[in-house]
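Peer 1: The following comprises the amino acid sequence and a computationally predicted model.
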Amino acid sequence: MNQDDRSWFLRGMRDGMPIALGYLAVAFTLGIAARNSGLTAFQATLASLLNNASAGEYAGFTVIREQLSYVEMAVMIFITNMRYLLMSCALSQKLASSVSMPERLLVGFGVTDEIFGVSVAVPGYLNPRYSYGLMAVAIPGWALGTCLGVVMGNVLPASVVSALSVGLYGMFIAVIVPPARKNRVLAGLIVISMAASLLFAKVPPMSGLSTGMRVIILTVVLSAAAAILFPVKEEDDAA
Amino acid sequence: MQRNVYVYIFIMFAVTYLIRVLPLTLIRRPIRSRFLRSFLFYVPYVTLAVMTFPDILYATNSVWSGLLALIAGVALAFSGQSLLTVAVLSCAVVFVSELFL
């Protein structure tokens, strides 16, 4: 590992700390859901190590509890995790074409909402070592949180769980707000996205949609509208 | 029929991993289309904004502590604080505000 790769890896580990902390809290509540669906601590931890997906795993545990068919499991996971397809497309543009296939297979494993959010915020091309650093702390945090949730259930006071559960949203905010300060189109787009999201969450029939579907539909529609109305100049999106 | 939990878990993994890795391995060169480039530039902002709101209001014990965390987070991020600072202080805002709510 050369000097540059090493510093990217360490930087990834540093930026992964808040992700790991947030994961610990969110996965803890996921672990409780897993236990309620009849999974053992080992099974739930394995699922978290392999999946790293909050909404997707929650949906998966529901399928296991209901003993639905394997096909229904595949469809359910595809729908709840389809947003990763969009994120992975976006991330593909952050990788230099010289990045090898094994490295792409590894980076792909770590495409979560949070790791993606932090990775796209890196200026210029993404060094895969940065992703590895993020994954090295975030994924164990996620797995450990799930395990603790199954084993310890409701040991943590509710006030602590409540406080920890906004950590992930705090990170999302820290990713999207700073670029919006310099770019009015982004600022407007973020406000419109949040307003539309509230509308979809509250007003029937849209409120019947799962969170995953809401994210997909609004992402596709609003990003496409913004791309048509405000196409970015070459120098903007190289950043 | 009792289905196997490990088969369920494997299906979860296989579908999720394929979704994540296919675009990264298939799209190996810069996309030329200006529309697609613009679209992909905007995707993360819309996705993260939609996931944050209104969900942050329902993540905590009270809608008000969630709202305060949102306001504090935006203000801190706007003033250029780091990821960790924004995340930790948002949690602190919830913890402290819920002592009074």
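Peer 2: Nice, thanks for sending it over.
Peer 1: Let me know how buried A:His186 is, in neighbour terms.
Peer 2: That one is not His; residue A:186 is Leu. Neighbourhood size, A:Leu186 [other Cβ atoms under 10 Å in any protein chain shown]: 21. The C-beta positions use only the backbone N, C-alpha and C, and glycine is treated the same way.
Peer 1: any weak-confidence spans in chain A?
Peer 2: Filtered on pLDDT under 70, chain A yields the residue ranges A:1, A:153-154, A:212, A:234-239.
Peer 1: who does the helix or strand harbouring A:Arg181 touch, helix- and strand-wise?
Peer 2: Take DSSP states H and E as the rule and A:Arg181 turns out to sit in helix A:167-182. Under the contact criterion of 3 or more Cβ pairs under 8 Å, 6 or more residues apart in numbering or on different chains; DSSP states H and E, helix A:167-182 touches helix A:3-36, helix A:113-120, helix A:184-202, helix B:34-52, helix B:55-59, helix B:63-78, helix B:83-100.
Peer 1: go with 6 Å
Peer 2: Applying 3 or more Cβ pairs under 6 Å, 6 or more residues apart in numbering or on different chains; DSSP states H and E, one finds that helix A:167-182 contacts helix A:3-36, helix A:184-202, helix B:34-52, helix B:63-78, helix B:83-100.
Peer 1: where's the closest residue to A:Ala96 other than its chain neighbours relative to A:Gly133, distance?
Peer 2: Leaving aside its chain neighbours, A:Ala96 sits nearest to A:Tyr125 (4.7 Å; criterion: Cβ to Cβ, 6 or more residues apart in numbering or on different chains). Going from A:Tyr125 to A:Gly133 by Cβ to Cβ, to the nearest Å gives 16 Å.
Peer 1: Looking at these two, which one has more neighbours?
Peer 2: Comparing A:Tyr125 with A:Gly133 by other Cβ under 10 Å, the one with more neighbours is A:Gly133, at 22 against 14.
Peer 1: Pull the contacting residues for the more buried one.
Peer 2: A:Phe9, A:Gly12, A:Met13 (Cβ atoms under 6 Å, 6 or more residues apart in numbering or on different chains).
Peer 1: ok, the first one - contacts?
Peer 2: Under the criterion of Cβ under 6 Å, 6+ apart, the contact list for A:Phe9 reads A:Arg129, A:Tyr132, A:Gly133.
Peer 1: So which of those residues belong to helices?
Peer 2: Among the contacts of A:Phe9, the members found in helices (DSSP state H) are A:Arg129, A:Tyr132, A:Gly133.
Peer 1: any idea which residue sits dead centre in chain A?
Peer 2: A:Asp113 (1.5 Å; Cα atoms, centre = their mean).
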